[in-house]
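S.K.: predicted model and sequence below, questions to follow.
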Amino acid sequence: MPRPLPRRMGIAVSGGSDSTALMHLTADWAARAGVDLEAATVDHGLRQAAAAEAAQVADDAAALGLRHETLLWRGWDGQGNLQDRARRARYGLLGDWAQRRGLQAVLLGHTQDDNAECLVLGLARGAGLDGLSGMRPVFDQGGVCFARPLLGVSRAALREWLQANSIGWIDDPSNEDDRFARVRVREAMDLLGTLGVTRAALARSADNLWRSREGLQEILRTTVRRHCRTEGGDVIMAPGVFETQPEDLARRMLVAALCWVSGARYAPRAEKLAHLMRDSASRRAGMTLHGCLVRERGEGLRIGREPEAAARAKPALPGELWDGRWRVSGPFTNGMDIRCLGETGLNAVPGWRNAGLPRSTCLSGPAVWNGDHLVAAPLVDAECPFQAAPETDFVDVQ
């Protein structure tokens with residue numbers, strides 16, 4: 001079903017050619033469509049020129065009549081994959097900005113070239129269908145809708161349009177740094193083009209694979225509705241599901257459940273998934289995976305949040321998403337926040353067993369606290385004035 005047109009939208013603008021073109025094109029469209037549009041730039045703090053570039057974007061946005069905000073990230077500690085860490089931080093900052101400003105969608109400037117590069121990077125990893133189907137045109141993350149309207153447009157075409165309209169852009173020197181795999185892929189694209197493997201052709205392949213993936217996801221949704229149910233934020237799969245379903249479909253169902261329960265964006269490692277599906281003894285004994293506790297009982301395979309993982313989740317203020325998926329509503333007052341119930345909270349609710357939920361499910365569930373004082377435990381106390389529910393329904397697997 002098509003989504004209704006948002007009345008308030010945001011756009012992420014780095015100052016590069018792609019996002020600059022998107023800002024100018026979208027500003028003109030938004031003015032005619034009656035859509036309130038705002039812009040934001042993420043300053044990762046990794047280059048000395050970044051602050052000045054963000055200020056330049058702010059000036060350009062102001063000239064178009066757009067409110068602009070610079071979002072700061074200072075979380076790089078020199079460890080791990082810089083581009084991956086920066087990307088995750090960028091989406092987190094943009095999502096927080098959108099929720100704070102009441103924006104119903106955030107537009108991203110990814111192009112046909114980016115889609116082609118994703119396909120090549122997936123081939124290098126030996127990826128399957130999901131890893132080769134390119135970028136999602138529209139996706140939800142942390143309760144925010146993100147959209148990529150330029151996936152069918154080449155970077156060259158956008159730059160020609162900018163030049164024709166005397167609009168400048170900022171070239172990020174990191175886009176020429178061949179220490180990064182994506183930069184090396186861009187350099188190899190010209191060689192691939194001499195073999196007829198053009199960016200446009202690769203992007204078409206990614207789009208075709210995406211359509212195949214979407215068809216498979218619809219089959220997955222039907223299978224989930226037939227064989228799964230939820231209780232207390234846990235997913236319960238019917239007994240024998242791994243034996244009765246095709247292996248790939250069962251794996252997808254398991255991945256969807258693990259990601260929904262944990263609030264994670266990415267699937268666990270393939271070898272750990274294979275072990276879980278193959279080893280029924282481990283499932284009966286219970287095992288942890290991807291921040292989840294997985295146990296097989298007579299009711300089927302129950303996948304719940306691991307209490308230790310929930311305890312590490314960042315406290316959420318009223319109206320915010322907690323642990324990547326929970327919404328809590330009720331009569332909040334100053335000083336209250338949302339954290340997991342935990343041992344201390346469970347001990348303060350003597351009737352928690354009446355909820356009929358496993359102890360681990362209760363421990364990892366959301367609770368309302370005021371300092372060290374438990375205010376409410378909506379998952380285990382039906383009489384409390386607060387309500388808690390996951391942000392999305394598991395049957396709407398992505």
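M.R.: Now that the structure is in, tell me what you want to look at. Only a predicted model underlies this, so the values are computations on that prediction, with no experimental measurement involved.

S.K.: can you pull the contacts of the nearest residue to residue 36 once chain neighbours are set aside?
M.R.: Among residues not flanking residue 36 along the chain, residue 8 sits closest, at 4.6 Å (CB to CB, 6 or more residues apart in numbering). Every C-beta, even on glycine, is put in place using the N, C-alpha and C of the backbone. Applying CB atoms under 8 Å, 6 or more residues apart in numbering to residue 8 gives the contacts 35-36, 38, 101-104.

S.K.: what do you get if the cut-off is 6 Å, keeping everything else the same?
M.R.: Residue 8 makes contact with 36, 102-104, according to CB atoms under 6 Å, 6 or more residues apart in numbering.

S.K.: is it possible to mark the buried ones in those?
M.R.: 36, 103-104 (16 or more other CB atoms under 10 Å).

S.K.: mind checking which of those land in strands?
M.R.: Using DSSP state E, the subset of the buried ones among the contacts of residue 8 located in strands is residue 36.

S.K.: can you tell me how far the closest residue to residue 172 other than its chain neighbours is from residue 124?
M.R.: Nearest residue to residue 172, sequence neighbours excluded (CB to CB, 6+ apart): residue 16, at 6.0 Å. Residue 16 sits 24 Å away from residue 124, going by CB to CB, to the nearest Å.

S.K.: ditto for residue 28
M.R.: 38 Å.

S.K.: in the stretch 101-250 of the chain, where is pLDDT below threshold?
M.R.: 174-177 (pLDDT under 70).

S.K.: what segments of it are strands?
M.R.: For the stretch 101-250 of the chain, the strands defined by DSSP state E, counting those that start in this stretch cover 105-107, 138-141, 144-147, 228-231, 234-237.

S.K.: would you mark the buried spots in the fourth one?
M.R.: Of the residues in strand 228-231, those with enough neighbours to count as buried (16+ other CB under 10 Å) are 228, 230.

S.K.: what pairs with it, parallel or antiparallel?
M.R.: Applying DSSP bridges, strand 228-231 is found paired with strand 234-237 (antiparallel).

S.K.: tell me who's in contact with residue 18.
M.R.: 109, 111, 158.

S.K.: only alpha carbons, please: show the helix or strand where it lies as CSV.
M.R.: Secondary structure assignment for residue 18, by DSSP states H and E: helix 17-33. Once non-C-alpha atoms are left out, helix 17-33 reads as follows in CSV (Å, rounded to 0.1, in the frame of the first residue of the first chain):
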residue,chain,number,x,y,z
SER,A,17,27.2,16.8,-5.4
ASP,A,18,24.6,14.1,-4.8
SER,A,19,23.0,15.6,-1.7
THR,A,20,23.4,19.2,-2.9
ALA,A,21,21.4,18.3,-6.1
LEU,A,22,18.8,16.5,-4.0
MET,A,23,18.4,19.6,-1.7
HIS,A,24,17.9,22.0,-4.6
LEU,A,25,15.5,19.6,-6.4
THR,A,26,13.5,18.8,-3.3
ALA,A,27,13.3,22.4,-2.1
ASP,A,28,11.6,23.4,-5.4
TRP,A,29,9.2,20.4,-5.2
ALA,A,30,8.4,20.9,-1.5
ALA,A,31,7.5,24.5,-2.1
ARG,A,32,5.0,23.5,-4.8
ALA,A,33,3.6,20.5,-2.9
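
S.K.: for residue 181, which non-adjacent residue is closest in space?
M.R.: Excluding its sequence neighbours, the residue lying closest to residue 181 (CB to CB, 6+ apart) is residue 121, at 6.4 Å.

S.K.: okay, and for the stretch 251-398 of the chain, where does confidence drop off?
M.R.: Residues of the stretch 251-398 of the chain meeting the criterion pLDDT under 70: 397-398.

S.K.: CSV for the buried ones among the contacts of residue 8, including distance to residue 315?
M.R.: Below are the buried ones among the contacts of residue 8 laid out as CSV (distance: CB to CB, whole Å):
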residue, distance to residue 315
36, 31
103, 24
104, 26
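
S.K.: which of the buried ones among the contacts of residue 8 lies closest to residue 51?
M.R.: For the buried ones among the contacts of residue 8, the closest approach to residue 51 (CB to CB) belongs to residue 103, at 23.6 Å.

S.K.: any idea how far the closest one is from residue 111?
M.R.: Distance of residue 103 to residue 111, computed by CB to CB: 22 Å.

S.K.: residue 49 now?
M.R.: Plainly put, residue 49 is 23 Å away from residue 111 if you go by CB to CB.

S.K.: cool, and residue 343?
M.R.: To residue 111, residue 343 is 50 Å away according to CB to CB.

S.K.: just to revisit the earlier point, please report the distance of the residue nearest to residue 172 from residue 157.
M.R.: Residue 16 sits 15 Å away from residue 157, going by CB to CB.

S.K.: those two: which is more packed in?
M.R.: residue 16 (18 against 14; other CB atoms under 10 Å).
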